[in-house]
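Q: Need the 3D shape of this:
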Amino acid sequence: MLKITMTETPTEARWILQGRLIGPWVRELRIIWRKAIRNHKGRACIVDLNDVTFIDKGAEKLLRAMSREGAQFIADGLYIKHVLEGLKISRHSGLSRIIASFFAALLLSVIVYGATTRLDSEVVKMNAKHDAWTQTDSGNVAHASNSPTSPFKGMEDQDYVS
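A: Okay, here's the model as predicted:
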């Protein structure tokens, strides 16, 4: 069961909810909220949840929507404060996920670019070492298979059977 008490002043509309905010009571609160929000007239909407004992997932969704539409919640109990804190986090999580995804992509591109640059420089160094090795090996001349003075010139494509 849920009891809804509404008081209105020129500056605010105060809602006091008492009981369990579940199933059919969530639907009832949604209907009442929709009607009231049309007559909002610039007043602050304060929703007192101090006497609410349980909030189901449907109620969390409704409270999140009410928050986006300007409702401010009052709660002293740890359970309700915890639920409201979860709503606050998830309300901003869409933007947080977008920002986190952007920075993750940026970081990944920096890592990949840095690794590719280092890899390219390492390949250049290895090629230079290989070229130097093929030209001289401790004073002895070594020949690459495609060099003009290679003893294997013209034999690159031949099959050898032992």
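
Q: Every contact and neighbour count from this point should use C-alpha atoms.
A: Fine.

Q: and Met6, bridged to which residues?
A: Beta bridges link Met6 to Trp15 when assigned by DSSP bridges.

Q: what's it in contact with, if anything?
A: Residues near Met6 by CA atoms under 8 Å, 6 or more residues apart in numbering: 13-16.

Q: if we go to 7 Å?
A: Contacts for Met6 were tallied using CA atoms under 7 Å, 6 or more residues apart in numbering; they are 14-16.

Q: now swap in Asp56 and tell me
A: By CA under 7 Å, 6+ apart, the neighbours of Asp56 are 21-22.

Q: now the closest residue to Lys81 other than its chain neighbours: how far from Val52?
A: Excluding the flanking residues, the one nearest Lys81 by CA to CA, 6 or more residues apart in numbering is Ala75, at 5.9 Å. Per CA to CA, to the nearest Å, Ala75 is found 9 Å from Val52.

Q: again, but for Ile111
A: 50 Å.

Q: of those two, who's got more company?
A: Val52 (19 against 12; other CA atoms under 10 Å).

Q: what helix or strand does Asn50 sit in?
A: Per DSSP states H and E, Asn50 falls inside strand 44-55.

Q: partner strands of that strand, parallel or antiparallel?
A: strand 12-21 (parallel), strand 71-74 (parallel).

Q: For the next helix or strand after that strand, name the packing helices and strands.
A: Using DSSP H and E, the helix or strand that follows strand 44-55 towards the C-terminus is helix 57-68. For helix 57-68, the elements it packs on are helix 23-38, judged by 3 or more CA pairs under 7 Å, 6 or more residues apart in numbering; DSSP states H and E.

Q: mind exporting the helix it packs on as PDB, just the C-alpha atoms?
A: Extracted in PDB, the C-alpha atoms of helix 23-38 (Å, rounded to 0.1, in the frame of the first residue of the first chain):
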ATOM      1  CA  GLY A  23       3.700  -2.400  -9.000                       C
ATOM      2  CA  PRO A  24       0.200  -0.800  -9.000                       C
ATOM      3  CA  TRP A  25       1.300   2.000  -6.700                       C
ATOM      4  CA  VAL A  26       4.000   3.000  -9.200                       C
ATOM      5  CA  ARG A  27       1.400   3.200 -11.900                       C
ATOM      6  CA  GLU A  28      -0.900   5.300  -9.700                       C
ATOM      7  CA  LEU A  29       2.000   7.700  -8.700                       C
ATOM      8  CA  ARG A  30       2.900   8.000 -12.400                       C
ATOM      9  CA  ILE A  31      -0.600   9.000 -13.400                       C
ATOM     10  CA  ILE A  32      -0.800  11.600 -10.500                       C
ATOM     11  CA  TRP A  33       2.600  12.900 -11.300                       C
ATOM     12  CA  ARG A  34       1.700  13.400 -15.000                       C
ATOM     13  CA  LYS A  35      -1.400  15.400 -14.100                       C
ATOM     14  CA  ALA A  36       0.500  17.500 -11.500                       C
ATOM     15  CA  ILE A  37       3.500  18.300 -13.700                       C
ATOM     16  CA  ARG A  38       1.300  19.900 -16.200                       C
END
